[in-house]
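Peer 1: Requesting a structural model of the entry that follows:
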Amino acid sequence: MSQVPTNVAVVGSWEMKRIRACTISSLVSVDIIEPTIMFVLKSGSATLANIKNCLDFSVNVLSSQQTNLSQIYSNSRSEDETLENTHYWDINKTGVPMIKDAHLNFFCVFKSSQELKNSTIVFARVIETFNLGSGNPLLYFERKYFGVTEISSESH
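Peer 2: From the prediction side, this is the model:
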């Protein structure tokens with residue numbers, strides 16, 4: 001699968017006053033009439049348990065300048081992250097945490113999930129989007145990060 005270029009996003013939700021978040025690289029649109037997206041999380045993920053509990057969350061497609069956020073949220077963190085002590089998050093008018101300066105923010109409501117052996121497919125209805133329009137989303141390919149302009153500049 002490392003040969004398939006994919007988008008990079010961070011899912012974020014509230015866990016009390018703490019921001020619970022993790023990186024995903026499996027974001028797919030599944031319905032445009034009733035805007036629905038899906039992505040995959042590890043079945044034991046604390047983020048998965050939290051979005052099933054709180055229902056409202058954001059999916060933040062990172063810009064090419066946010067590689068560090070992909071790495072930060074792909075690892076387990078022990079520190080509590082709140083709006084008071086973060087440089088990366090803000091709050092949407094709906095009250096959902098969102099990554100600042102992301103290429104695209106989806107504000108979602110948990111719809112359902114499908115359990116697999118070690119992972120869970122999450123289906124979410126998109127309530128609202130915010131498009132910064134960076135023009136350069138972050139991509140992951142061959143275990144490296146790229147921006148769209150870097151990939152498209154290598155035309156044959």
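
Peer 1: now for the helix of greatest length in the chain, which elements pack on it?
Peer 2: As assigned by DSSP state H, the longest helix anywhere in the chain is helix 46-54. The helices and strands touching helix 46-54, judged by 3 or more CB pairs under 8 Å, 6 or more residues apart in numbering; DSSP states H and E, are strand 9-15, strand 18-24, strand 36-42, strand 104-115, strand 119-131. The C-beta positions use only the backbone N, C-alpha and C, and glycine is treated the same way.

Peer 1: hmm, 6 Å instead?
Peer 2: If contacts are counted by 3 or more CB pairs under 6 Å, 6 or more residues apart in numbering; DSSP states H and E, helix 46-54 sits against strand 9-15, strand 18-24.

Peer 1: Distance from the chain centre to the first one, please.
Peer 2: Its chain's C-alpha centre and that of strand 9-15 lie 7 Å apart, by CA atoms, centre = their mean, to the nearest Å.

Peer 1: So which residues make contact with that strand?
Peer 2: The contact list for strand 9-15, computed with CB atoms under 6 Å, 6 or more residues apart in numbering, reads 19-24, 27, 47, 50-51, 54, 57-61, 73, 97, 99.

Peer 1: Just want the angle from that strand to strand 119-131.
Peer 2: If you take axes from the mean of the first three to the mean of the last three CA atoms, to 10 degrees, strand 9-15 sits at 90 degrees to strand 119-131.

Peer 1: Strand 9-15 pairs with which strands?
Peer 2: Here strand 9-15 is paired, per DSSP bridges, with strand 18-24 (antiparallel), strand 56-61 (antiparallel).

Peer 1: Can you show me the CA trace of whichever helix or strand comes after the last one as CSV?
Peer 2: Translated: strand 56-61. Following strand 56-61 in sequence order, the next helix or strand is helix 67-72 (DSSP states H and E). The C-alpha trace of helix 67-72 is given here as CSV (Å, rounded to 0.1, in the frame of the first residue of the first chain):
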residue,chain,number,x,y,z
THR,A,67,4.0,17.3,7.9
ASN,A,68,4.9,17.7,11.6
LEU,A,69,1.2,17.4,12.6
SER,A,70,0.9,14.1,10.8
GLN,A,71,3.9,12.8,12.7
ILE,A,72,2.7,14.2,16.1
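
Peer 1: Can you tell me the number of residues neighbouring residue 69?
Peer 2: Residue 69 sits with 24 neighbouring residues when counted by other CB atoms under 10 Å.

Peer 1: give me the element residue 90 is part of.
Peer 2: Going by DSSP H and E, residue 90 is in strand 89-91.
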